[in-house]
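Novice: got a predicted structure here, sequence first:
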Amino acid sequence: MLRGKTLSVIGLAVTILMMSGSVEAGNWFNWTFGGNGVKGSGDMVTEGRDVREFSRIETLGAFDVFVKVGEKQSVLITFDDNLIDLVETKVKGKTLKIYSDESFRSKRTCKIEITVPKLEGVTTHGSGYITVMNVNSGRFKCHVKGSGDITVKNVNSDVFECDINGSGDITVKNLDGDFLECRISGSGDFSADGKVEELEIRVHGSGDVDTRDLRAKEANVVIKGSGDARVCADESFEGSVYGSGDISYYGDPEGNVIGLFKK
């Protein structure tokens, strides 16, 4: 049975909030650079985009993106018929960038479905959502910049990196890997389940980490601020808190347990 122990000390919390897009009265979504922008017709259409090969995805704005790893590359956009051309999909280097330079208003979310043979990372700027399925990569990186969320399901990766800068969240389901690193600057949350050899967590701010269902052989956690972390370590654990945060660890790690712990 897993046992929980907690490390606590006192310090400082930092919160960073970034937003792109908003919802106003009447449930209109605004993507504006000044003024109200073009009003969506409400007539939804789906359009395929022909773009060159890419292995990373980056969004700027409140897009709802679903990504799966498959044999044939494709990009499908569903949005108001008079707004869909305002959504840009351009490849720079190996990165597909999804954004808009124009102001618009819509009662519907712009939905984007992507299939890609190889995927090495995803980034969201603003308040968008990205869901990724079936990752198989030597190295994979998730990055949230703002209030957006990323969910990754069914992951096989030697090195898995997660960065949160702001109030957005990252959720990882069914991870099988060698090394997982999570870095949080702000108030965003991270959770994961599965198994890894090594787990490293760094929290600067008030973000929370929950990896109780991620079985790690070795875990190293540092919190600077008011964030909380709950981790599971089977062999070794190291934890340090500089602030008012808490660390709770589960499992039966031998040695390398440092700090003052209490239930």
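Specialist: Happy to help now that I have it. Residues are numbered from 1 along each chain as shown.
Novice: okay, CA-based contacts and neighbour counts for the rest of this
Specialist: OK.
Novice: who does Ile170 form a beta bridge with?
Specialist: Beta-bridge pairing of Ile170 under DSSP bridges involves Ile150, Phe190.
Novice: hmm, it is touching Asp189, no?
Specialist: Yes. With contact defined as CA atoms under 8 Å, Ile170 reaches Asp189; the gap is 6.5 Å.
Novice: hey, what's in contact with both of these two?
Specialist: Counting by CA atoms under 8 Å, 6 or more residues apart in numbering, the residues touching both Ile170 and Asp189 are Ile164.
Novice: quick one: low-confidence parts of this protein?
Specialist: 1-35, 255-263 (pLDDT under 70).
Novice: got the CA positions of stretch 114-121 in PDB?
Specialist: Extracted C-alpha coordinates of stretch 114-121, given in PDB (Å, rounded to 0.1, in the frame of the first residue of the first chain):
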ATOM      1  CA  ILE A 114      -4.400  17.000 -37.500                       C
ATOM      2  CA  THR A 115      -2.800  13.700 -38.500                       C
ATOM      3  CA  VAL A 116       0.900  13.600 -38.700                       C
ATOM      4  CA  PRO A 117       3.300  10.600 -39.200                       C
ATOM      5  CA  LYS A 118       5.900  11.900 -36.700                       C
ATOM      6  CA  LEU A 119       5.400  14.300 -33.800                       C
ATOM      7  CA  GLU A 120       8.100  15.700 -31.600                       C
ATOM      8  CA  GLY A 121       6.300  18.400 -29.700                       C
END
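Novice: so for it, what gets flagged as buried?
Specialist: 114-121 (16 or more other CA atoms under 10 Å).
Novice: any idea how far it is from the middle of the chain?
Specialist: Its chain's C-alpha centre and that of stretch 114-121 lie 16 Å apart, by CA atoms, centre = their mean, to the nearest Å.
Novice: contacts for that stretch?
Specialist: In contact with stretch 114-121 (CA under 8 Å, 6+ apart) are residues 54-57, 65-76, 135-137, 139-142.
Novice: ok now the strand or helix carrying Tyr249, how far from the chain's centre?
Specialist: Here Tyr249, judged by DSSP states H and E, is contained in strand 246-250. A distance of 22 Å separates the centroid of the chain from that of strand 246-250, by CA atoms, centre = their mean.
Novice: list the buried ones in it?
Specialist: For strand 246-250, by 16+ other CA under 10 Å, it's 246-250.
Novice: and for stretch 43-60?
Specialist: Under 16+ other CA under 10 Å, the buried positions of stretch 43-60 are 44, 53-60.
Novice: which residues touch Phe160?
Specialist: Phe160 neighbours (CA under 8 Å, 6+ apart): 139-141, 177, 179-181.
Novice: so it versus Val38, what's the distance?
Specialist: From Phe160 across to Val38, the span is 40 Å (CA to CA, to the nearest Å).
Novice: same question, Ile170
Specialist: 32 Å.
Novice: more neighbours: which of the two?
Specialist: Taking other CA atoms under 10 Å, Ile170 and Val38 do not tie; Ile170 has more neighbours (24 against 17).
Novice: check contacts around that one.
Specialist: By CA under 8 Å, 6+ apart, the contact list for Ile170 reads 142, 144, 149-152, 162, 164, 188-191.
Novice: just the closest of those residues to Asn82, please.
Specialist: Asp149 (27.0 Å; CA to CA).
Novice: so what's that closest one up against?
Specialist: Neighbouring residues of Asp149 by CA under 8 Å, 6+ apart: 124, 127-130, 168-170.
Novice: do Glu58 as well
Specialist: Contacts of Glu58 by CA under 8 Å, 6+ apart are 95-98, 122-125.
Novice: looking at the buried residues of stretch 114-121, which are in strands?
Specialist: Using DSSP state E, 114-116, 121 are the members of these that sit in strands.
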